[in-house]
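1. pasting the sequence and the predicted coordinates here, then a few questions.
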Amino acid sequence: KNQVEQSPQSLIILEGKNCTLQCNYTVSPFSNLRWYKQDTGRGPVSLTIMTFSENTKSNGRYTATLDADTKQSSLHITASQLSDSASYICVVSDDTDKLIFGTGTRLQVFP
Amino acid sequence: NAGVTQTPKFQVLKTGQSMTLQCAQDMNHEYMSWYRQDPGMGLRLIHYSVGAGITDQGEVPNGYNVSRSTTEDFPLRLLSAAPSQTSVYFCASSYLAGLAYEQYFGPGTRLTVT
């Protein structure tokens, strides 16, 4: 069964610190993997999209990595800010463009 | 561009009532979709459309209808609301950017069915 699992479920860090969120998937055939940021009460916003041939992609302080062999991805946030407090959702697309959503990691950044 | 807009933002219905959730986009995207988001679960696809006049079912279509008469609008109809339809509903529009569809979500509609 195609699944996307994220860890941890929730995370608390202090402002200025770095953190890494994990995503494991069993989706096959794989097409692409994306990370979304969802602020409370808002819709998800795309951070990065990576296809099979890409193993790292950055968007400002956000850097996503992809290991298609082990079916793992991570999202690294550098020098966290209060505005990074949100849920981060990992989404994997199969070769029919069907999207399989993870349940998200809720990140809280405190001053 | 306003992007993807949804109305209303909040709605309370009684069991058995019907209503339409509105969704519009001004980016001329052909692909539009509706999702529901429930606590502890990933977003689930309800219905989608690949262009005006074309709609198809997603993962959880029961109890919902859609139509796509124009590129811009993609309303979602609840035929007879049930408490199990209490959820947050997101509309999204997409376009093909290289090898993947870039997806834009609306702000959501929070629906409570009592």
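-> Cool, got the structure. Numbers count the residues shown, from 1 in each chain, chains lettered A, B, ... in the order given.

2. name the element A:Ser93 belongs to?
-> Assigned by DSSP states H and E, A:Ser93 belongs to strand A:86-94.

3. mind giving me the packing neighbours of that strand?
-> Where contact means 3 or more C-beta pairs under 8 Å, 6 or more residues apart in numbering or on different chains; DSSP states H and E, strand A:86-94 is packed against strand A:4-7, strand A:19-25, strand A:30-38, strand A:72-77, strand A:99-101, strand A:105-110. Glycine gets a C-beta too; all of them are placed from N, C-alpha and C.

4. among those strands, which is nearest B:Ser94?
-> Nearest to B:Ser94, of all the helices and strands packed on strand A:86-94, is strand A:99-101, at 9.7 Å by C-beta to C-beta.

5. tally of neighbours for B:Leu13?
-> 19 (other C-beta atoms under 10 Å in any protein chain shown).

6. what do you get for A:Arg106?
-> When counting by other C-beta under 10 Å, one arrives at 16 neighbours for A:Arg106.

7. cool, B:Asn65 as well?
-> Residues lying near B:Asn65 (other C-beta under 10 Å) number 14.

8. hang on, it is in a helix, isn't it?
-> No: judged by DSSP: H, G, I helix; E, B strand; the rest coil, B:Asn65 forms no part of a helix; its state is strand.

9. pretty sure it contacts B:Ser80?
-> No: counting by C-beta atoms under 8 Å, B:Asn65 does not reach B:Ser80; the two are 11.0 Å apart.

10. can you redo the helices and strands packed on strand A:86-94 as TSV with mean pLDDT and distance to B:Thr5?
-> Output for the helices and strands packed on strand A:86-94, formatted as TSV (pLDDT from 0 to 100; distance: least, C-beta to C-beta, whole Å):
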stretch	mean pLDDT	distance to B:Thr5
strand A:4-7	97	28
strand A:19-25	98	30
strand A:30-38	96	18
strand A:72-77	98	28
strand A:99-101	94	22
strand A:105-110	98	26
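
11. which stretch among the ones you listed approaches B:Ser33 most closely?
-> The nearest among those, by C-beta to C-beta, is strand A:99-101 at 8.8 Å.

12. got the contact list for the strand holding A:Ser93?
-> A:2, A:4, A:6, A:21, A:23, A:25, A:27-40, A:44, A:47, A:73, A:75, A:99-107, B:42-43, B:100-101 (C-beta atoms under 8 Å, 6 or more residues apart in numbering or on different chains).

13. in it, what counts as buried?
-> The neighbour-count check on strand A:86-94 (16 or more other C-beta atoms under 10 Å in any protein chain shown) flags A:86-93 as buried.

14. closest to B:Leu76 out of the helices and strands packed on strand A:86-94?
-> Closest among those, using C-beta to C-beta: strand A:99-101, at 17.7 Å.

15. report whether that closest one contacts chain B.
-> Yes: counting by C-beta under 8 Å from any C-beta of the partner chain, chain B is contacted by strand A:99-101 at A:99-101.

16. which strand residues bridge residue 87?
-> Picked chain A for this. On the basis of DSSP bridges, A:Ser87 is bridged to A:Gln38, A:Arg106.

17. meant chain B, my bad for not saying
-> On the basis of DSSP bridges, B:Ser87 is bridged to B:Leu111.
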